[in-house]
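Novice: sequence? don't have it. structure:
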């Protein structure tokens, strides 16, 4: 396997991360406006991209593993850092640049997704509060006896004077 195949896969991974980030940023406004059909469409598109990313990542792992096997090193969970030992200085810089770009995209994506999650949680709290305000709450609806003032019986007195 050539290094060019690895670079192409890394570029594809970076592009998918960029697309996911764009979708996540679009979801912010849709969540704020409560546009559920648009959010659902974005989630479907996001799911497709996540599957594509998983497939590309598996392929990248296989290509990197094959590349390292050709160089005489067999590692099961090969990383980009493992490849850098077998390439030229300019190729190392290219790999480092791609690696940093992917990491930056992933960090940005996590930040935006965390924001989306907090917006959704806030929306749910608002919905729950609204429901609590709209639904009337009745005091203890049950078959138990009503709460009575039983204090005279607690002191040992009865209603009847029993002196004879």
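Specialist: Cool, the structure landed. Small disclaimer: the values here were computed from a predicted structure and weren't measured.
Novice: and the longest helix for this protein?
Specialist: Criterion DSSP state H: the longest helix present in the chain is helix 89-134.
Novice: Distance from the chain centre to it, please.
Specialist: Put simply, helix 89-134 sits 7 Å off its chain's centre (C-alpha atoms, centre = their mean, to the nearest Å).
Novice: what's the pLDDT at the most centrally placed residue in the chain?
Specialist: Using C-alpha atoms, centre = their mean, the residue of the chain that lies closest to the mean C-alpha position is residue 113, 6.1 Å off. Per-residue confidence (pLDDT) for residue 113: 93.
Novice: go on, residue 156?
Specialist: In this model, residue 156 is scored at 57, pLDDT.
Novice: Where does residue 32 sit, in terms of helix or strand?
Specialist: Assessed by DSSP states H and E, residue 32 sits inside helix 3-33.
Novice: Only the buried residues of stretch 107-125, if you could.
Specialist: Under the neighbour-count criterion of 16 or more other C-beta atoms under 10 Å, stretch 107-125 has 108, 109, 112, 116 buried. Just so you know, the C-beta spots here come from the backbone N, C-alpha and C atoms, and that holds for glycine as well.
Novice: residues in contact with it?
Specialist: By C-beta atoms under 8 Å, 6 or more residues apart in numbering, the residues outside stretch 107-125 that reach it are 17, 20, 21, 24, 25, 27, 28, 31, 32, 34.
Novice: quick one: contacts for residue 38?
Specialist: residue 30.
Novice: Could you rerun that using 10 Å?
Specialist: By C-beta atoms under 10 Å, 6 or more residues apart in numbering, the residues touching residue 38 are 26, 27, 29, 30, 31.
Novice: Which member of those residues is positioned nearest residue 6?
Specialist: Minimum distance to residue 6 across the contacts of residue 38 is 30.7 Å, recorded for residue 26 (C-beta to C-beta).
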